[in-house]
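[1] Below are the sequence and a predicted model for it; my questions follow.
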Protein chains: 2
Amino acid sequence: MTATKPKMSKETLLPLLANHVLEHGMGGASLRPLAKAAGTSDRMLIYHFGNKEQLVTDLLEYIADVYSKALEMAMGDERAKTRQECLARVLAYGREPSVQPFMVLWWEIVAGSARGLPGYKQAAQAMLAKQLEWLEGQMPADDPDPAGGARYLLTLMEGSLMLSTVGHARTAREGLLASDLAGNTRGG
Amino acid sequence: MTATKPKMSKETLLPLLANHVLEHGMGGASLRPLAKAAGTSDRMLIYHFGNKEQLVTDLLEYIADVYSKALEMAMGDERAKTRQECLARVLAYGREPSVQPFMVLWWEIVAGSARGLPGYKQAAQAMLAKQLEWLEGQMPADDPDPAGGARYLLTLMEGSLMLSTVGHARTAREGLLASDLAGNTRGG
DNA sequence: AACGAAATGTAGCGAATGCTACAATAAAAA
DNA sequence: TTTTTATTGTAGCATTCGCTACATTTCGTT
């Protein structure tokens, strides 16, 4: 029995759709491939979501939620000792293979936001808000300005991630070395 | 006579195609709309570029070149007095209405790079390299580390632009205020 | 069991996609 | 002028797109 018929609804569909989108991107997210990935038909996707725009909106919202949950899981209890360590942690997290699909999708979401596509900006804002919340929770306990510092690190980190994405990882690395966060205790 | 027949070639086509793409994005860049914007037919686009992939590659290369030229035009002769002023200049430039279409397109190029689409990463690298070159030329003359500083500012600036793009302009602003570049001489 | 509503399959529509076959014209070379 | 060669127009093909009409099945309720 290959049959798997545990009903079907937005809730059961979204994880499967998200998997497909994380692997193949938003650009190639047309109804038939999506349906195939979810074990259904385009017909049923329209049935459940109304139209594609709503599907995309719901899907992005779901993905943002999954991303938030994943961040919470990865959120260690202990704070970092320094801002530098804080940044190192979050950059290391972004380099993990398991979050790579998120990273690739992330820039599509940013692009969609910039272009004004419906649903994109909300998802981007939600994901960024969570990221910021995470960073604030990681800031050193003795930091003089945790809120501002977290925003500073977020800016720096997103810039670094982008540079790395487009093949300027070296530029990013050298940029961080020239920041006030550099571990410039050479020869230690 | 509405006829405009100054021959037709890649060179004469690319500017028109670029205009269309800057306005409507890469996503909606299909042959017929592109051709219409350039006053031709899809038939001729294929004739001149071979196929769409090559057209996109050539177009991105051309756009990167135009962007570089525009940067050179905007490149003032005098250097900034401080890193802070340097960053302020470049951020102001990115906020100009005339470069807005570039900004929107930029994130699509980044997304394409992340996704590995042919031609995107080259264009992104070229544009970033130029941006970096520009920044280096703007660095204060007495800066202890112009190369590193420029990379640091580039990282910070790209992060800021992204945050602003997705509606976190406030986060970006507060992040910069918490950086070592902040003009923290309040009440001056 | 009978009924009404929710869920699903099958088939297809009109539009858009990248691209091609074929023929006609325009320009250049002989 | 004749003969290539480069350029362009006209039609169309096969595929994919989002979506719909219609019929059928499944299911909870009575």
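    All right, it came through fine. Numbering: from 1, shown residues only, chains lettered A, B, ... in the order given.

[2] what about the lowest-mean-pLDDT helix or strand in chain A, near chain B?
    Every helix and strand of chain A was ranked by mean pLDDT, DSSP states H and E. The lowest is helix A:83-95, at a mean of 93. No. Helix A:83-95 stays clear of chain B (C-beta under 8 Å from any C-beta of the partner chain), getting no nearer than 9.8 Å. Every residue, glycine included, has its C-beta placed from N, CA and C.

[3] What lies in contact with that helix?
    Residues lying outside helix A:83-95 but in contact with it, judged by C-beta atoms under 8 Å, 6 or more residues apart in numbering or on different chains, are A:74, A:76, A:79-80, A:99, A:103, A:134-135, A:138-140, A:143, A:149, A:153, A:156-157, A:160-161, A:176, A:181-183.

[4] Give me the buried entries from these.
    Neighbour-count burial (16 or more other C-beta atoms under 10 Å in any protein chain shown) applied to those gives A:79-80, A:99, A:103, A:134-135, A:138-140, A:143, A:149, A:153, A:156-157, A:160-161, A:176, A:181.

[5] so which of those residues also contact chain B?
    Applying C-beta under 8 Å from any C-beta to the buried ones among the contacts of helix A:83-95, those adjacent to chain B are A:103, A:149, A:153, A:156-157, A:160, A:176.

[6] And the helix ranked longest in chain A, what does it pack against?
    Taking DSSP state H as the criterion, chain A has its longest helix at helix A:52-74. Secondary-structure packing of helix A:52-74 (3 or more C-beta pairs under 8 Å, 6 or more residues apart in numbering or on different chains; DSSP states H and E): helix A:10-24, helix A:31-38, helix A:42-49, helix A:100-115, helix A:120-138.

[7] just checking, residue A:148 touches residue B:173?
    No. Residue A:148 is beyond contact range of residue B:173, at 10.3 Å (criterion: C-beta atoms under 8 Å).

[8] follow-up on the earlier one: for residue B:111, find the nearest of the helices and strands packed on helix A:52-74.
    helix A:100-115 (4.0 Å; C-beta to C-beta).

[9] near DNA strand D at all, the closest one?
    No. In terms of C-beta under 7 Å from any atom of the strand, no part of helix A:100-115 sits within range of DNA strand D; the closest distance is 14.3 Å.

[10] which SS state does residue A:79 fall under?
    Residue A:79 falls in the coil class when you classify it by DSSP: H, G, I helix; E, B strand; the rest coil.

[11] what's the distance between it and residue B:146?
    Residue A:79 is 35 Å from residue B:146, where distance means C-beta to C-beta, to the nearest Å.

[12] same thing with residue A:75?
    Here residue A:75 is placed at a distance of 38 Å from residue B:146 (C-beta to C-beta).

[13] Next to DNA strand C, which bits of chain A? Give me the list.
    A:5, A:7-9, A:40-44, A:47.

[14] and the closest residue to residue A:57 other than its chain neighbours, what are its phi and psi?
    Nearest residue to residue A:57, sequence neighbours excluded (C-beta to C-beta, 6 or more residues apart in numbering or on different chains): residue A:119, at 3.4 Å. Here is the backbone geometry of residue A:119 (degrees, to the nearest 10): phi 100, psi -20.

[15] ok, residue A:119 - contacts?
    A:53, A:56-57, A:60-61, A:112.

[16] If any of those residues are buried, give me the PyMOL selection for them.
    Restricted to buried positions by 16+ other C-beta under 10 Å, the PyMOL selection for the contacts of residue A:119 reads:
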select buried, chain A and resi 56+57+60+112
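
[17] Looking at the contacts of residue A:119, which one is closest to chain B?
    Closest approach to chain B among the contacts of residue A:119 (C-beta to the nearest C-beta): residue A:112, at 8.3 Å.

[18] Let me know how buried the residue nearest to the closest one when sequence neighbours are not counted is, in neighbour terms.
    Nearest residue to residue A:112, sequence neighbours excluded (C-beta to C-beta, 6+ apart): residue A:120, at 3.3 Å. By other C-beta atoms under 10 Å in any protein chain shown, 22 other residues sit near residue A:120.

[19] of all the ones next to chain B among the buried ones among the contacts of helix A:83-95, which two lie farthest apart?
    A:103 and A:149 (23.2 Å).

[20] for stretch A:158-168, what is the average pLDDT?
    The pLDDT scores in stretch A:158-168 average 98.

[21] To clarify, my last question referred to stretch A:136-146.
    What stretch A:136-146 shows for mean pLDDT is 94.

[22] what distance separates the start and the end of it?
    Terminal residues of stretch A:136-146 are spaced 6 Å apart (C-alpha to C-alpha, to the nearest Å).

[23] Give me the nearest residue to the most centrally placed residue in chain A, chain neighbours excluded.
    Nearest to the geometric centre of chain A sits residue A:102, at 4.7 Å (C-alpha atoms, centre = their mean). Of all residues beyond its chain neighbours, the one nearest residue A:102 is residue A:67 (6.0 Å), with distances taken as C-beta to C-beta, 6+ apart.

[24] Residue A:137 now?
    residue A:75 (6.2 Å).

[25] quick one: contacts for the one you found?
    Contacts of residue A:75 (C-beta under 8 Å, 6+ apart): A:134, A:137-138.

[26] that older thread, please, a PyMOL command that selects the buried ones among the residues of chain A next to DNA strand C?
    In PyMOL syntax, the buried subset of those is picked out as below (16+ other C-beta under 10 Å):
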select buried, chain A and resi 8+40
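
[27] And stretch A:164-171, how far out from the chain middle?
    Relative to its parent chain, stretch A:164-171 has a centroid offset of 18 Å by C-alpha atoms, centre = their mean, to the nearest Å.

[28] One more: stretch A:65-80?
    12 Å.

[29] then that stretch to CSV, C-alphas only?
    Output in CSV follows, covering the C-alpha atoms of stretch A:65-80 (Å, rounded to 0.1, in the frame of the first residue of the first chain):
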residue,chain,number,x,y,z
ASP,A,65,7.4,30.6,11.0
VAL,A,66,9.5,27.5,10.4
TYR,A,67,12.6,29.6,10.3
SER,A,68,11.7,31.3,13.6
LYS,A,69,11.2,27.9,15.2
ALA,A,70,14.5,26.7,13.9
LEU,A,71,16.2,29.8,15.3
GLU,A,72,14.7,29.2,18.7
MET,A,73,16.0,25.6,18.6
ALA,A,74,19.4,26.8,17.8
MET,A,75,19.2,29.5,20.4
GLY,A,76,21.7,28.6,23.1
ASP,A,77,20.9,29.5,26.7
GLU,A,78,24.2,31.1,27.5
ARG,A,79,25.0,34.5,26.2
ALA,A,80,28.1,35.4,24.3
